[in-house]
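S.K.: Can you look at this prediction? I've put the sequence above it.
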Amino acid sequence: MTDATPLRVIVIAERDLATALTEELSAEPDEPTPGSAHLADVVEVVAVRGPEQAVELAAGDPGIGVPLVVLASPTGAVDTTIDTLDRSPALRRAATLLLTDRAVIDDAARAIDDDRLDAVIAIPWTAGALQVHARSQVARWLRARLPDDPRSGSLVDDAGRPLELPDSDLLRDLELEPDAVTERLLAAIERVLGPRPRLRLPPGIRLTHQDEGVNAVLVVLRGSVALDRSTRVGDLRLHHGSTGPVVGLLSLAQQRQAFFTARTTTDVEVVHLSLEQLDRALRSEPEVGAAMAGVSIRALAQRLRRSEQLQVEKIELNRELDEERARLADALHQLEQARLELVEQARFATLGELAAGIAHELNNPVAALDRAASYIGEDLDRVLDSHPQGPALTRALTASRDRPAMSTAQEREQRRVLEATTGDRELARRFLAAGITDPDDARRLAAGPRAAIDLLEAAAGIGTAIRNLDVGAERISALVASLRSYARPDGTPVDDVDLHDGIEDTLRLTAHRLRGATITREYGELPRIRCHPGQLGQVWTNLLVNAAEAIESEGHIRVRTDAPDPEHVRVRISDDGPGMPPDVLERAFEPRFTTKQGTVRYGLGLGLAIARRLVEAHDGRLSLAADPSGTTATVLLPVAGPADDTTSRPPHPARPAPGG
Amino acid sequence: MHLAVLILEDERPVRDALARDLTRFGDHVRLEVAEDVADAWVVIDELDRAGDRLALVLADHRLPGTSGVDFLVQLLDDRRTAHARKVLVTGQADQTDTIRAVNEAGLDHYIAKPWDPDELRTVVREQLTEHVIEHRLDPLPHLQALDAARVMPLLRSRGDR
């Protein structure tokens, strides 16, 4: 034993206590255990005054093992003292016994939490108890740290069993192999009742019946028994490996009602014990009780562990289920949005077809209207040629037809002059309507017959009507042309498209939705590009309508175009509405996102999402910037246009938008 | 004192047409046109200075920079115009605007474009008559522009005074 590691128990205590402790730990026991080494043979006991000294001591002799530190009534807090001890690796590994005369200890929470307190002993302690503790701790330490050290076998009890093992029947039973406990139980029972017959049973035999009374227990010596319970969702096998060797025992704690149906799953060998027999065995032989308790605790522990494991599995499953549910909800959401986009696309396609049809049908009446206006003019010239006042009437007609536009204020000013001349406001109004503005003419006519004025007024009325017919027909023609190019069906991309034409068409067609807005055009030089004009028309529509809705009743919309580089063209549509806060801006491209509660509304809902998709289908980019002075949508398009085929149809809505 | 009818319409051909269809009222009431809201207020000032009374406003629904409904609401806040009858002449008012015109501007009538000239004249005559009866004005000077049968009782009661 010369090469064995020297061992040292360190006692930290004030002087008197230190002496008492050292003496007890080093003392020969009054009744020495035969065959066991004496503690003093194995360890040296050294007392120091405080934890710092203990650390110094351990550091001074690094070769010495410290299995145990006895901490007696430390002056500082327990936690702080143990912190100090922990500065030494050797002391950190040692077991710690706390001796205290305090009734309540409130400064050892961290030590418990860190598993640094192995025993708490009250002062005064029972004589000899300390030595018993110390011997067990040293033996345990030795077996854990130096398992090959012969001294670890030298500390044994009077039965020759290792000292660190429990001495009580119950604790000992709990540490035995399961079969061994069952044997002990059966042996104890048979000591009272005499040899019990073994029942041999095939698989599938029910040993207890769910929800029925239990009047016997069965000790299973061989084979397996499962515990089943029938539930709302069918028969569930709840225990198999965790059944335990005594079937029916736990029912005794439940008014002798079987919670499970116990069923053999293999050939089994059991011993049948009626409750009366069990009762008698328990009364007559204390070891039956201990063994029964051991068996029960072990079975309970097994079932508990299984149920705990099931609990963990349940939580894990729930979490997976939650994730799955979230994924499903997300998928549903995306599907719903894809559907909405498809509906919107379909609606737009239908509208496009309708518009194209209407445009076609309008052409004939517009042509008729346009021609009719000029025929009236021509025919009237011929009629007037034969009229005595022909030249004057023709002048009145031509003057009112070709009269430049005047503001209503200017008209009133002229009327006031005529009124001053004629002294009759209504007459002045009629002169003006007849295109007579010269005060001398007015004075002359006012003096003449009213019929002459009526005639002039009628001629001028025809002139005005012809002009208004022309203007109306022209406007309808322009609208028809816009409609046709706007509603042009999408096929392959079109080359040499002037973006300004498409924007102008859209402005004309959406004029009724933009009336509250003043439109400012800042058009730059743009190269002609390759694109799907119809799709871009939809983009301008959505952006313009959004801008108009942002400004509500009054405001400005700026449409700016330029070519930031030779390969790209840029269209910016700005409004001077209230803008959008960042969180709204972030979500503006989400289909269906609207801020109806706030000031900014996206009436189309899908408008921005679809616009972005269409722009991206052109290999372009649509971005949105906002501050309190307004919102700007920027569309950047490549001059070269989209790659062939990829956009011959509107993009599939389910495709995620990059960065969106 | 003349009763005045104000036409507020930004598009010249439409304004011309409205004025022409109402021309036969011209000998009996004062007809004024304005192309925007600002000009309409100039007209209202002129009427006020001349001692004439704004009896009826025909306003387009959509106007540059504002809506006809807003103008009609503004009229309620001015003592010179609060009592005027209000008619919306429109090609495409949506329901919200119409509801607002009725609820907030006390709209008296609604004429859809394109209008029937006879119907337009009937509405104008009815509205002027209502105005005269409501404010118990002397109908006599304006009789040609009014529904004579309806103002008769008023005429008699005034005569009794």
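M.R.: Yes, it's here.

S.K.: all helices of the stretch 351-500 of chain A, in order?
M.R.: A:390-402, A:408-422, A:425-433, A:439-447, A:450-486, A:499-509 (DSSP state H, counting those that start in this stretch).

S.K.: Now do the phi/psi pair for the closest residue to B:L143 other than its chain neighbours.
M.R.: For B:L143, ignoring the flanking residues on the chain, the nearest one in space by C-beta to C-beta, 6 or more residues apart in numbering or on different chains is B:V151 at 7.1 Å. From N, CA and C alone the C-beta is placed, and that goes for glycine too. Phi and psi for B:V151, reported as degrees, to the nearest 10, are phi -90, psi -10.

S.K.: Out of the helices of the stretch 351-500 of chain A, which is closest to A:A111?
M.R.: helix A:499-509 (78.5 Å; C-beta to C-beta).

S.K.: Now do the same contact list for the residue in the stretch 401-550 of chain A that chain B sits nearest to.
M.R.: In the stretch 401-550 of chain A, no residue comes nearer to chain B than A:N468, which is 3.7 Å away by C-beta to the nearest C-beta. By C-beta atoms under 8 Å, 6 or more residues apart in numbering or on different chains, the contact list for A:N468 reads B:12-13, B:16-17.

S.K.: would you turn those residues into JSON lines with pLDDT?
M.R.: Output for those, formatted as JSON lines (pLDDT from 0 to 100):
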{"residue": "B:R12", "pLDDT": "84"}
{"residue": "B:P13", "pLDDT": "84"}
{"residue": "B:D16", "pLDDT": "86"}
{"residue": "B:A17", "pLDDT": "88"}
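
S.K.: ok so, going back, from A:A108, how far off is the residue of the stretch 401-550 of chain A closest to chain B?
M.R.: As judged by C-beta to C-beta, to the nearest Å, A:N468 and A:A108 stand 102 Å apart.

S.K.: ok, now A:T631?
M.R.: On the measure of C-beta to C-beta, A:T631 and A:A108 end up 65 Å apart.

S.K.: Tell me which of these two has more neighbours.
M.R.: Neighbours per residue (other C-beta atoms under 10 Å in any protein chain shown) separate A:T631 from A:A108, with A:T631 holding more: 24 against 18.

S.K.: where's the helix or strand encompassing the more buried one relative to the chain centroid, distance-wise?
M.R.: Using DSSP states H and E, A:T631 sits in strand A:630-638. Centroid displacement of strand A:630-638 relative to its chain, using C-alpha atoms, centre = their mean, to the nearest Å, is 31 Å.

S.K.: Residues contacting it, please?
M.R.: A:499, A:529, A:531, A:536, A:539, A:543, A:546-547, A:550, A:564, A:567-580, A:600, A:611, A:615, A:618-626.

S.K.: Export it to CSV, keeping only CA atoms.
M.R.: Listed next in CSV are the C-alpha coordinates belonging to strand A:630-638 (Å, rounded to 0.1, in the frame of the first residue of the first chain):
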residue,chain,number,x,y,z
GLY,A,630,-46.5,61.0,-49.9
THR,A,631,-45.9,57.7,-51.6
THR,A,632,-43.8,56.9,-54.7
ALA,A,633,-44.1,53.7,-56.7
THR,A,634,-41.1,53.1,-58.9
VAL,A,635,-41.1,50.7,-61.8
LEU,A,636,-37.9,49.8,-63.4
LEU,A,637,-38.1,47.9,-66.7
PRO,A,638,-35.5,46.4,-69.0
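
S.K.: Tell me which strands that strand pairs with, and in which orientation.
M.R.: strand A:568-575 (antiparallel), strand A:621-627 (antiparallel) (DSSP bridges).

S.K.: gap between the residue nearest to B:L143 and B:L137?
M.R.: Here the criterion is C-beta to C-beta. By it, B:V151 lies 9 Å from B:L137.

S.K.: low-confidence ranges in the chain?
M.R.: As the question left the chain open, I've gone with chain A. Within chain A, the ranges that satisfy pLDDT under 70 run A:1-3, A:29-37, A:153, A:156-167, A:485-491, A:552-553, A:590-606, A:644-660.

S.K.: The chain in question should be chain B.
M.R.: If you take pLDDT under 70 as the line, chain B has these spans: B:63-66, B:92-95, B:159-161.

S.K.: picking up where we left off before, can you tell which of the strands paired with strand A:630-638 is closest to A:G63?
M.R.: Among the strands paired with strand A:630-638, if distance is taken as C-beta to C-beta, the winner is strand A:621-627, at 73.9 Å.

S.K.: quick one: contacts of the closest one?
M.R.: Residues outside strand A:621-627 that contact it (C-beta under 8 Å, 6+ apart): A:539, A:579-580, A:585, A:588-589, A:608, A:611-612, A:615-616, A:631-636.

S.K.: what comes up buried for that strand?
M.R.: For strand A:621-627, a neighbour-count test (16 or more other C-beta atoms under 10 Å in any protein chain shown) marks A:621-622, A:624, A:626 as buried.

S.K.: do stretch A:374-393 as well
M.R.: Within stretch A:374-393, the residues that qualify as buried are A:377, A:380, A:384, A:392-393, counting by 16+ other C-beta under 10 Å.

S.K.: Farthest-apart pair in the residues you listed, please.
M.R.: A:G377 and A:A392 (17.2 Å).

S.K.: middle-most residue in the chain, spatially?
M.R.: In the absence of a named chain, chain A is used. A:A326 (7.8 Å; C-alpha atoms, centre = their mean).

S.K.: you looked at the wrong chain, it should be chain B
M.R.: Closest-to-mean residue, chain B, C-alpha atoms, centre = their mean: B:L56 / 2.0 Å.

S.K.: Residues contacting the helix or strand harbouring it, please?
M.R.: Per DSSP H and E: B:L56 is located in strand B:53-60. Applying C-beta under 8 Å, 6+ apart, the contact partners of strand B:53-60 are B:1-11, B:14, B:18, B:29, B:44, B:47, B:68, B:71-72, B:75, B:80-81, B:84-90, B:111, B:124, B:127-128, B:131-132, B:137.

S.K.: how about 7 Å then?
M.R.: B:1, B:3-10, B:18, B:44, B:47, B:68, B:71-72, B:75, B:80-81, B:84-90, B:124, B:127-128, B:131 (C-beta atoms under 7 Å, 6 or more residues apart in numbering or on different chains).

S.K.: In what element of secondary structure is the closest residue to chain A within chain B found?
M.R.: Residue of chain B nearest chain A, by C-beta to the nearest C-beta: B:P13 (3.7 Å). Using DSSP H and E, B:P13 sits within helix B:12-21.

S.K.: quick one: buried residues of that helix?
M.R.: B:12-19, B:21.

S.K.: Please tell me how far it is from the chain's geometric centre.
M.R.: Distance, stretch centre to chain centre, for helix B:12-21: 15 Å (C-alpha atoms, centre = their mean).

S.K.: what's the angle between it and helix A:450-486?
M.R.: Relative orientation of helix B:12-21 and helix A:450-486, computed by axes from the mean of the first three to the mean of the last three C-alpha atoms, to 10 degrees: 150 degrees.
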